[in-house]
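Enquirer: pasting the structure only:
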DNA sequence: CGCGGCTTTGATGTTCATCAAGTAAAGTGG
DNA sequence: CCACTTTACTTGATGAACATCAAAGCCGCG
């Protein structure tokens, strides 16, 4: 973890979330004064479950994973955070300590804002609070949707689900560099590493995807989508 | 669904949630004027997924289930709401329509408060907003915890998980009347009805529980608890 | 009474994790 | 830069876990 030398000024941040639109000059400058800007490398761990919650994290660039760590062999990935996400928003208001761990998947850059600063904003600015509720709601919806969709699928559908979401939601392109190992794909959807590989091979043989090292090309998005809803 | 003739006055409601502590007389009377009080019988459906969100529901007594209904054969139960829960709080701020369905498990009695009324409170009262965030956070935490705990267990652990939670969290007693059918237990944890029965029989034969019709007595809570964390 | 839903038990087959074993790729220290 | 270790990836074989099918008893309800 390395602090950025020349942090962005919040007032003119090009990545500024809609969440902050409702803030006045004074409130925004308070955010600015109570934040740090940080970069991390792939694999570095930002948060360990059980750590005290001290900051509110806003991801500027890169990808993070949120995961459980109870048993190292049975690590489960809960969600992937994307640029412009508030990370680990889930239990910031219900808990003093993090419930899940976070690691950088790619190079990442993010802001750290003191939680007390955020709590004050909630208390004093109802519109901000409502935006925050909305933000949180959307994040949760997404996690639950995935979680319950996956539960009704078996392994082919599950692997298809990951590939389809990466293609449509994370990268917005049929071709992309897979940011996860086969093992991590398995940990996202509850399939063993070996079977992730087998299923991906089948998809390749069936002409649904093309694999070139870490690069994945979705050749038949529609067939992939169908797999995510019926098996 | 039947409206209650003599609704409780919110000002002196004995069930009043901590959420409303921060409200002044005027705000509370606004809630009072914008609410209905309703009772329903077991099996009645309050909400169908896709319905417009018009009210904020506060459960006074009884149990509700929140479930997916995409495929009737593959209904999945997401959570059980208890008295004093705000029901379906999850997507009230991110969505205009319900994403999940709700049914009464037992006889239930609840209040329906106009969502616009709640939104106004959030906008005007930061403390209320913060309490709401906290409430929502806790509800979500609980659902995610269950969801990811269950994913790491196989069927014995899963069934044990339901029984243990019912005993400790819902009823707070080692003896209770099982409010769910075997099928519903299965839908909560992703196990077939037949296997729920088989596992419960094994637990009975092993002396972990006693079954008398709908009544369940947990004879060995500790063994049940161990099953929920290791298999 | 008979019908449909819930419960129960046994038998069968599928899905999938796990084990084993080998290859490729990527870091590590001399 | 090369031997060495470790980690990721791949394939096949095996067995366990579990869904599904089938059949029968049970209960509440119209």
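Expert: All right, it came through fine. In this text, all values refer to a predicted model and were calculated from it rather than measured experimentally.
Enquirer: hey, let's count contacts and neighbours off CA atoms from now on
Expert: OK.
Enquirer: so residue A:127 sits against residue A:22, correct?
Expert: Yes - taking CA atoms under 8 Å as the definition, residue A:127 is a contact partner of residue A:22 at 6.4 Å.
Enquirer: ok, the two, which is more surrounded?
Expert: Here residue A:127 and residue A:22 are set side by side on neighbour count (other CA atoms under 10 Å in any protein chain shown), and the busier one is residue A:127, at 24 against 15.
Enquirer: host element of that one?
Expert: Secondary structure here is read from DSSP states H and E; on that basis residue A:127 sits in helix A:126-151.
Enquirer: and the helix or strand following that helix, what does it pack onto?
Expert: With elements assigned by DSSP H and E, the helix or strand that comes after helix A:126-151 is helix A:155-165. For helix A:155-165, the helices and strands in contact under the criterion 3 or more CA pairs under 8 Å, 6 or more residues apart in numbering or on different chains; DSSP states H and E are helix A:126-151, helix A:182-189, helix A:193-205, helix A:221-230.
Enquirer: okay if I get the ones you listed as JSON lines plus mean pLDDT and distance to chain B?
Expert: Conversion of those to JSON lines gives the following (pLDDT from 0 to 100; distance: least, CA to the nearest CA, whole Å):
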{"stretch": "helix A:126-151", "mean pLDDT": "90", "distance to chain B": "4"}
{"stretch": "helix A:182-189", "mean pLDDT": "97", "distance to chain B": "10"}
{"stretch": "helix A:193-205", "mean pLDDT": "97", "distance to chain B": "15"}
{"stretch": "helix A:221-230", "mean pLDDT": "94", "distance to chain B": "11"}
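Enquirer: tabulate the ones you listed (CSV), appending distance to DNA strand C.
Expert: Listed next are the helices and strands packed on helix A:155-165 as CSV, based on distance: least, CA to the nearest atom of the strand, whole Å:
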stretch, distance to DNA strand C
helix A:126-151, 10
helix A:182-189, 8
helix A:193-205, 5
helix A:221-230, 12
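Enquirer: hang on, the earlier thing: and the helix holding residue A:127, which residues are buried?
Expert: Of the residues in helix A:126-151, those scored as buried under the neighbour-count criterion (16 or more other CA atoms under 10 Å in any protein chain shown) are A:126-141, A:144, A:146-151.
Enquirer: how does chain A divide into domains?
Expert: Residue ranges for the structural domains of chain A, counted by automatic domain parsing, are given in the record as A:2-149, A:152-230.
Enquirer: so which of those gets nearest residue B:166?
Expert: Across these, the minimum distance to residue B:166, taken as CA to CA, is reached by domain A:2-149, at 21.3 Å.
Enquirer: how about the helix holding residue A:127, does it reach DNA strand D?
Expert: No - Helix A:126-151 is not in contact with DNA strand D by CA under 7 Å from any atom of the strand; minimum separation 10.5 Å.
Enquirer: helix B:182-189 and that helix, what's the angle between them?
Expert: Taking axes from the mean of the first three to the mean of the last three CA atoms, to 10 degrees, one finds helix A:126-151 and helix B:182-189 inclined to each other by 120 degrees.
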